Each structure stands twice: as C-alpha cells, then as structure tokens.
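A.B. asks: would you be able to build a 3D model of this:
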Amino acid sequence: MAKTVVIGAGAMGLAAAHYALRLGHEVDVVEADAVPGGMAAHFDFDGLSIERFYHFVCKPDAPTFALMEDLGIAEKMRWRETSMAYFRDGRLHKWGDPISLLTTGLLNPVEKVRYGLQMFLTTRRKSFDDLETRTARSWIEGGSGASVYEKLWRPLMELKFYQYAEDVSAAWIATRVRRVGNSRKSLFQEELGYIEGGSETLVNALLDSIQRQGGRIHLKTPAERIETQDGRVTGVRAGGRDFPAEAVICTVPTPFVADLAPDLPESSKAAYRAIRNIGVICVVHKLKRSVTPHFWVNIVEPGIEIPGIIEFSNLRPMPDTVVYVPYYMPTDHPKWAWSDQQLADESFGYMQRINPALTAADRLASKVGRLRFAQPLCEPGFAAKIPPIRTPIAGLQIADTSFYYPEDRGVSEGARIAKEMARAIATDHQPRREPEFH
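C.D. replies: Sure thing, here's the model as predicted:
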C-alpha cells in the first residue's frame, strides 16, 4: 500500500483515486474548486442541474462503460438517435449520412465522392501514425480536395484555433472523425449517448466509491507545491496544509506544472511549458423553443463568429430547450475580455439568424462559463512533445487532457489513463499514453 495524493478532482483525478483505492492504496484528493468534477461538474441552471461544459458519449468509448460498470451505474447509460447539420447560405443543410451527402447542395458531385470516401475510410482505420507529422489541412485537401477544405473546414478551424488554424495535427482531427463516425445505429443513423442525470451521476458515483473505500476529498484546497527529497516525492502542500505521500498523481493543466513541481529537471519543466492551450467561453441558453432539430450544427456562414451550436436537449431530454454555444479562442483574443452579457446577447443573436422565429421572449436564461486551458493545441508531431506520464521524480505521475492525444478531451480517455496511473503506483509499470487499438 502506498500513501497517495491525487491533485485535481476532475473526472480523471476522481477515477484515478477510485482505481488506486481498489488496489489497496491510501488516497487523498485535493481540489482547488469548491465543487468536484472539473469540466464534468454541474451547476444549477435556473432549476436545472446541467454540465458547465457539454459532454456526450460515443459507442467507441469503452473505458467509460468499464468505469460505469465498475461503479455499478452501467444501467444509467442512455442512447438516442441524433443528427447534425451545416448552416450556410442562410439555411440548414442536414449532414452526417449517405443520403444527406448525396442530396446536399454544399458540394459538387466530385467533391461528394472524395469527401465521402475519405471520411468512410477514416472510420475504418486502426491507427493514424502516418498522419502524425501532417497538418489537418494537408490531409483533408489530399483526400477530399482543397475546395472541400475551403467550404467545410477552414471556417471551423479558424473560429476554433485562430492564428493556429494551419498548425493542427491531422492525426488529432482524423481520430475525432473516427470516434463520432463509429457511433452509429446504422450507416444511415447516428446514435450518441448520455448518462441519465448528466455527468453529475458519474461524478457522484466516483465520490461515493472513494469515500466508501476510505478515501478523502478536500475541496477548496488548491495545490501549492509537490514536495520531494532525494529525487522522490514526499508529499503535497495544498491549502496551507501538508499531505505526506509516497505517490502523487497530478491531473491539473500542464501550464501549472512547472510552478507546482519546481524540483523537476529544467528539461521536464520546459516540456510542460511548451504545450500550448486555448481557452473556451461556453454560453448556455435555456429557451422556450427549439433552434433546430439537430444535436450539432457546424456554422460556416460569414458574419457568425462561432464554429457551431450544440442543442443538448436534442440528446438528453429536458423540460426546456438547452443550447451550448462554445467560443474557443486564445485568451489574448479581444473577445475573451467581453462581459458575460455581451457574449450571451451576441450568441443569442446568432441563433436568431439560424432560426428567425426565435424571439427575445423565447429566452428564459443564459449562463457563461470560462476555462483558460480548455483545448491543447495539437500540432503536427505533437506526440513527441508529450512527456512520459511517469516523471523523473520517483513516485510522481503527471497527465492532463493533452495526454489523451491523438484522442480528444473526454471522460473515456481520462478514465483509461487514470486506470493506467493507478496501476503504476509503487510498481515499475509504465503507463500507456497511446490508446490501444483492437
């Protein structure tokens, strides 16, 4: 048994604590926030408990299902037929199935064939190692053509990555295409999942498991320093308290690591600093009426400065319509300094352009959430930039969402890496960063 401290009570940190306790270790979890869950945490949205940042489940998310089974909540998984669309030229274009592709006016016949073939083959691939050093643009243009990239991809990339849009990994994009593309009921019908009660159901089950097994969770206890001696971790200073430890699992965003673990070698601290992130401002609206019949709408319309909207109530049934409007951007972008009211008003105006029947009277409530380190910038060759999970300091493991690469952020990858880190406590096990393909 090893005395273990987990830094961060997001889904990955809580899962790591759960698995570590299962293996017989003693565990304390320290968390700066007043509530657990990280990006999966809920808030009270005018009487509705809902995630601060939207979450959905895809059928390839095996680690999520394994964790839910382990927690005894597998029966809480729900599936629903969903659809997506593009908004362009002032109207919606249904997307995501062969019939929509064949009938769309967005692409010409040659573009349809090239795009359809590239996306289909992507869903069947087991590995994207050959795309690791390519840009997303070069890969898409090589398969679907430059005109398809210009019509369907460039506006989305620029509204998510801005000045970094030309420097995004093809492997990262392709992995996202495969995950969603393989979450289908049939060739003609997408099917996505949600947990009954939202992500809070999973978070609460993890909290119950940790406390039932004797683990301790310390909220409003920000980590200040990872303590070491003679090249080995000895504890964590957090919230003005000392937590002795033989093992530490750190799940906070990598930009904080160099200051939090000053005893790391300079080369390691430089590696963490080199991982860039962009932020997200997520506006959540509660409405009287639906905006579209789709779960996800990509927006490639001039004058609308968001990459899309997520009508979450078209996935998880709710009494009212709930729509997430994500503004991804570098935190030095001028719009990052906008007030919540400005962002809520602008995003509602964009929804009115999508559905002109929407009026001010249909707007029940709006809430704005911000996260400075929301999306790692995964450039070509990103895999080589990610440090090993097991650090040069004995007993210290570090991972955040950038370690999910080439997968995107999500509970599933967090659960997988959490289990790997728990297995590595007080052993010579080397946690796998790369996903295993079967």
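A.B. asks: quick one: the helices in this protein?
C.D. replies: Secondary structure of the chain (DSSP state H): helices located at 11-22, 62-71, 98-103, 109-124, 136-143, 146-148, 154-161, 170-181, 199-212, 257-260, 266-273, 340-354, 382-385, 411-424.
A.B. asks: most tightly packed of those helices?
C.D. replies: Of the helices of the chain, the one with the most neighbours on average (mean count of other C-beta atoms under 10 Å) is helix 11-22, at a mean of 27. Yep, even glycine has a C-beta here, placed from its N, CA and C like the rest.
A.B. asks: now for that one, which elements pack on it?
C.D. replies: strand 3-7, strand 26-30, helix 62-71, helix 199-212, strand 247-250, helix 411-424 (3 or more C-beta pairs under 8 Å, 6 or more residues apart in numbering; DSSP states H and E).
A.B. asks: reformat the helices of the chain as CSV; add distance to Gly235 and mean pLDDT.
C.D. replies: Listed next are these as CSV, based on distance: least, C-beta to C-beta, whole Å; pLDDT from 0 to 100:
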stretch, distance to Gly235, mean pLDDT
helix 11-22, 16, 98
helix 62-71, 28, 96
helix 98-103, 56, 95
helix 109-124, 46, 97
helix 136-143, 42, 98
helix 146-148, 54, 98
helix 154-161, 39, 96
helix 170-181, 36, 96
helix 199-212, 19, 97
helix 257-260, 13, 97
helix 266-273, 19, 96
helix 340-354, 39, 98
helix 382-385, 29, 94
helix 411-424, 18, 96
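A.B. asks: quick one: closest of these to Pro376.
C.D. replies: Shortest distance between Pro376 and the helices of the chain, using C-beta to C-beta, is found for helix 382-385: 7.9 Å.
A.B. asks: how far does the closest one sit from its chain's centre?
C.D. replies: Its chain's average C-alpha position is 19 Å from that of helix 382-385, according to C-alpha atoms, centre = their mean, to the nearest Å.
A.B. asks: that one packs against which elements?
C.D. replies: Taking 3+ C-beta pairs under 8 Å, 6+ apart as contact, the helices and strands that helix 382-385 lies on are helix 170-181.
A.B. asks: got the helices and strands packed on helix 11-22 as CSV, with distance to Arg178 columns?
C.D. replies: As requested, the helices and strands packed on helix 11-22 are exported to CSV (distance: least, C-beta to C-beta, whole Å):
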stretch, distance to Arg178
strand 3-7, 31
strand 26-30, 33
helix 62-71, 14
helix 199-212, 23
strand 247-250, 29
helix 411-424, 13
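A.B. asks: between these, which gets nearest to Ile140?
C.D. replies: Between the helices and strands packed on helix 11-22, helix 411-424 lies closest to Ile140; by C-beta to C-beta that is 23.3 Å.
A.B. asks: relative to the whole chain's centre, how far out is that closest one?
C.D. replies: Once both centres are worked out by C-alpha atoms, centre = their mean, helix 411-424 turns out to sit 15 Å from its chain's centre.
A.B. asks: what is it packed up against?
C.D. replies: Helix 411-424 packs on helix 11-22, helix 62-71, going by 3+ C-beta pairs under 8 Å, 6+ apart.
A.B. asks: Serialize those to a markdown table and add fields for distance to Val280.
C.D. replies: As requested, these are exported to a markdown table (distance: least, C-beta to C-beta, whole Å):
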| stretch | distance to Val280 |
| --- | --- |
| helix 11-22 | 17 |
| helix 62-71 | 21 |
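A.B. asks: to Ile99, which of those helices lies closest?
C.D. replies: With distances scored as C-beta to C-beta, the stretch of the helices and strands packed on helix 411-424 nearest to Ile99 is helix 62-71 (29.5 Å).
A.B. asks: so what does the closest one touch, helix or strand wise?
C.D. replies: Contact here means 3+ C-beta pairs under 8 Å, 6+ apart; on that basis helix 62-71 packs against helix 11-22, helix 199-212, helix 411-424.
A.B. asks: gap between the residue nearest to Pro392 when sequence neighbours are not counted and Tyr272?
C.D. replies: Once flanking residues are discounted, Pro392 sits nearest to Pro265: 5.5 Å by C-beta to C-beta, 6 or more residues apart in numbering. In this view, Pro265 and Tyr272 are 11 Å apart by C-beta to C-beta, to the nearest Å.
A.B. asks: ok, Phe188 - how many residues close by?
C.D. replies: Counted with other C-beta atoms under 10 Å, the neighbours of Phe188 add up to 11.
A.B. asks: verify the stated contact: it with Leu102.
C.D. replies: No. Distance between Phe188 and Leu102: 11.4 Å, which falls outside the contact criterion (C-beta atoms under 8 Å).
A.B. asks: who's in contact with stretch 227-237?
C.D. replies: The contact list for stretch 227-237, computed with C-beta atoms under 8 Å, 6 or more residues apart in numbering, reads 5, 7, 30, 223-226, 242-248, 261, 263, 392-396.
A.B. asks: just the buried members of those residues?
C.D. replies: A residue is treated as buried here by neighbour count (16 or more other C-beta atoms under 10 Å); on that basis the buried members of the contacts of stretch 227-237 are 5, 7, 30, 223-224, 226, 243, 245-248, 261, 263, 393, 395-396.
A.B. asks: between those, which is nearest Pro109?
C.D. replies: The shortest distance between Pro109 and any of those, using C-beta to C-beta, involves Ile7 and amounts to 54.2 Å.
A.B. asks: what's across from the closest one in the sheet?
C.D. replies: Val30, Cys250 (DSSP bridges).
A.B. asks: next up, the contacts around it.
C.D. replies: For Ile7, the residues meeting the contact criterion (C-beta under 8 Å, 6+ apart) are 13, 29-30, 223, 226, 236, 238, 248-252, 260.
A.B. asks: OK, contacts around Gly308?
C.D. replies: 156, 296-299, 326.
A.B. asks: which strand in this protein has the most residues?
C.D. replies: Looking only at the chain and at elements set by DSSP state E, the strand with the highest residue count is strand 363-376.
A.B. asks: what about that strand, average pLDDT?
C.D. replies: When pLDDT is averaged along strand 363-376, the result is 94.
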